[in-house]
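Colleague: Give the three-dimensional model of this entry:
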Amino acid sequence: MADAQVGDAALKVQVLLATYNGERFLREQVDSILGQDYPALKILARDDGSRDGTAAILAEYAANFPNRFAVLASRQPSGTAKGNFLRLMQSAHAEYICFADQDDVWLPDKVSRSMAAMKDLERQRGSGIPLLVFSDLRVVDEQLRTIAPSMWRQMKIDAGSGQRLERLIGRSVATGCTMLVNRRMIEFARKMPDEAPMHDRWIALLAAAMGASAIVAAPTVLYRQHGGNVIGAAAADDSVTGVAARAANPRGRRAERVLSETLAEAMLRLHRNDMPSRSEEVLRAYLQSGRSPSAGERLWLTLRYGFSRGSLLKNALTVMDLARGRSED
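Modeller: Below you'll find the predicted structure:
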């Protein structure tokens, strides 16, 4: 593959690639990004202290594709995927940013389809607010054989709910490896609080609370499932089965509720003066819907604002938890 010239003046999209012990699938992913039909992009990679051949692979691509691939020097590992991506965001300078995991494969038109959706969003809402585009994923096994043609259908995810703060605050629907964000979003996202578990959930909240988002309804990424879906030195099991298992048990529900309330508090603390009054109202109502001493008020606020966790079963279980006023499990 020849190295096309992508100077800083022409650079529109930077792909932030976070790696950690990823030599097994890394070449396949990098090749899929360099092979995009949208040429004005450059990969900025950062390794978080790999003990395998990952760093050598990154150095090889940087040498072979000096105009399209750069490696961010890292003196000390961040220790987490979130920290790795945050350091990449702090060094990113393009107009638009994508996030890449080390073990997936991008479909050839991922960036071009996302950019088309971004341009439509900018025409509708302007470019001065934080903007997000995200898409569906095709779930595949280690050999890229399809497990599920649509992760959204498999997980019963209503992606449109990610555009409304009331529907998004209690769960995450946008996957980081599908995201495209604008410059304004990166400026806000760099202030990511310690409470945020990962960059993608925080970015989706920023878009819902202070900006806007758009959806590419088709899969743009082959979302590889394997024995160790890990991006950073210490990451939770965010595989399809891992997420489903956590959501199914009472302790998982309580942990998710506590997390979402913590994120609402962090959003108010950091950005209360940046967001519309309606977003502040929604976040405060969500906190009250989980913390009011009155079961009636907890349920009334939940129904009034339409706070949701997705499926009918999850919503029913949430209502049950709120009615009981569970503070611990």
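Colleague: helices and strands around the lengthiest strand in the chain, which ones?
Modeller: In terms of residue count, the longest strand belonging to the chain (DSSP state E) is strand 212-224. Identification of packing neighbours for strand 212-224 by 3 or more Cβ pairs under 8 Å, 6 or more residues apart in numbering; DSSP states H and E yields strand 105-106, helix 110-125, strand 131-140. All C-beta atoms are positioned from the backbone trio N, CA, C, and that covers glycine.
Colleague: deepest of those, which one?
Modeller: Each of those was assessed for mean neighbour count using mean count of other Cβ atoms under 10 Å. The highest is strand 131-140, with a mean of 25.
Colleague: Who are the packing partners of it?
Modeller: Under the contact definition 3+ Cβ pairs under 8 Å, 6+ apart, strand 131-140 sits against helix 110-125, strand 146-148, helix 151-155, strand 180-182, helix 183-189, helix 199-210, strand 212-224.
Colleague: what about 6 Å?
Modeller: helix 110-125, strand 146-148, helix 151-155, strand 180-182, strand 212-224 (3 or more Cβ pairs under 6 Å, 6 or more residues apart in numbering; DSSP states H and E).
Colleague: Show residues contacting it.
Modeller: With Cβ atoms under 6 Å, 6 or more residues apart in numbering as the test, strand 131-140 has contacts from 114, 117-118, 121, 146-152, 174, 178-182, 207, 211-214, 216, 219-224, 240.
Colleague: got it, and stretch 283-297?
Modeller: By Cβ under 6 Å, 6+ apart, the list of residues contacting stretch 283-297 reads 169, 257, 261, 264, 267-268, 298, 301-302, 305, 307, 323, 325.
Colleague: Tell me the one among these nearest to residue 274.
Modeller: Set against residue 274, the nearest of the contacts of stretch 283-297 by Cβ to Cβ is residue 267 (9.7 Å).
Colleague: Out of the contacts of strand 131-140, which end up buried?
Modeller: For the contacts of strand 131-140, a burial check counting by 16 or more other Cβ atoms under 10 Å picks out 114, 117-118, 121, 148, 150-152, 174, 178-182, 207, 211-214, 216, 219-224, 240.
Colleague: OK, contacts around residue 200?
Modeller: Listed by Cβ under 6 Å, 6+ apart, the contact set of residue 200 reads 174, 176.
Colleague: ok so, going back, let me know the closest of the contacts of stretch 283-297 to residue 73.
Modeller: residue 267 (32.1 Å).
Colleague: element containing the closest one?
Modeller: Element membership of residue 267, judged by DSSP states H and E, is helix 250-271.
Colleague: Give the next helix or strand downstream of that helix.
Modeller: Downstream of helix 250-271, the first helix or strand assigned by DSSP H and E is helix 277-291.
Colleague: And that following helix, what's buried?
Modeller: Neighbour counts using 16+ other Cβ under 10 Å place 279-280, 282-283, 285-287, 289-290 of helix 277-291 among the buried residues.
Colleague: Low-confidence regions, the chain specifically.
Modeller: By pLDDT under 70, the low-scoring segments of the chain are 1-11, 228-250, 252, 309-329.
Colleague: Domain map for it?
Modeller: What the record gives for the chain is the domain set 13-237, 249-324, from automatic domain parsing.
Colleague: Most tightly packed of these?
Modeller: By mean neighbour count, with neighbours taken as mean count of other Cβ under 10 Å, domain 13-237 ranks first of the domains of the chain at a mean of 19.
Colleague: Off-centre distance for it?
Modeller: Mean-position distance between domain 13-237 and its chain equals 7 Å (Cα atoms, centre = their mean, to the nearest Å).
Colleague: please begin residue numbering at 756 from this point
Modeller: Done: numbering now begins at 756, and the last item shifts to domain 768-992.
Colleague: Could you list the alpha-carbon positions for stretch 954-965 in CSV?
Modeller: What follows is stretch 954-965, C-alpha atoms only, in CSV (Å, rounded to 0.1, in the frame of the first residue of the first chain):
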residue,chain,number,x,y,z
HIS,A,954,-14.5,8.0,26.9
ASP,A,955,-17.4,6.8,24.8
ARG,A,956,-20.1,6.9,27.5
TRP,A,957,-18.9,10.4,28.6
ILE,A,958,-18.9,11.7,25.0
ALA,A,959,-22.4,10.3,24.3
LEU,A,960,-23.6,12.2,27.4
LEU,A,961,-21.9,15.4,26.3
ALA,A,962,-23.7,15.2,23.0
ALA,A,963,-27.0,14.6,24.6
ALA,A,964,-26.7,17.3,27.2
MET,A,965,-24.9,20.0,25.3
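Colleague: residues contacting residue 802?
Modeller: Residue 802 sits in contact with 774, 809-810, 813, where contact means Cβ under 6 Å, 6+ apart.
Colleague: Equivalent analysis for residue 929, please.
Modeller: With Cβ under 6 Å, 6+ apart as the criterion, the residues that contact residue 929 are 889, 917, 955, 959.
Colleague: Return the closest of those residues with respect to residue 800.
Modeller: Taking Cβ to Cβ as the measure, residue 800 lies nearest residue 955 of the contacts of residue 929, at 18.1 Å.
Colleague: ok, of the contacts of stretch 1038-1052, which one's closest to residue 948?
Modeller: The nearest one, if we look at the contacts of stretch 1038-1052 relative to residue 948 and count by Cβ to Cβ, is residue 1022, at 8.5 Å.
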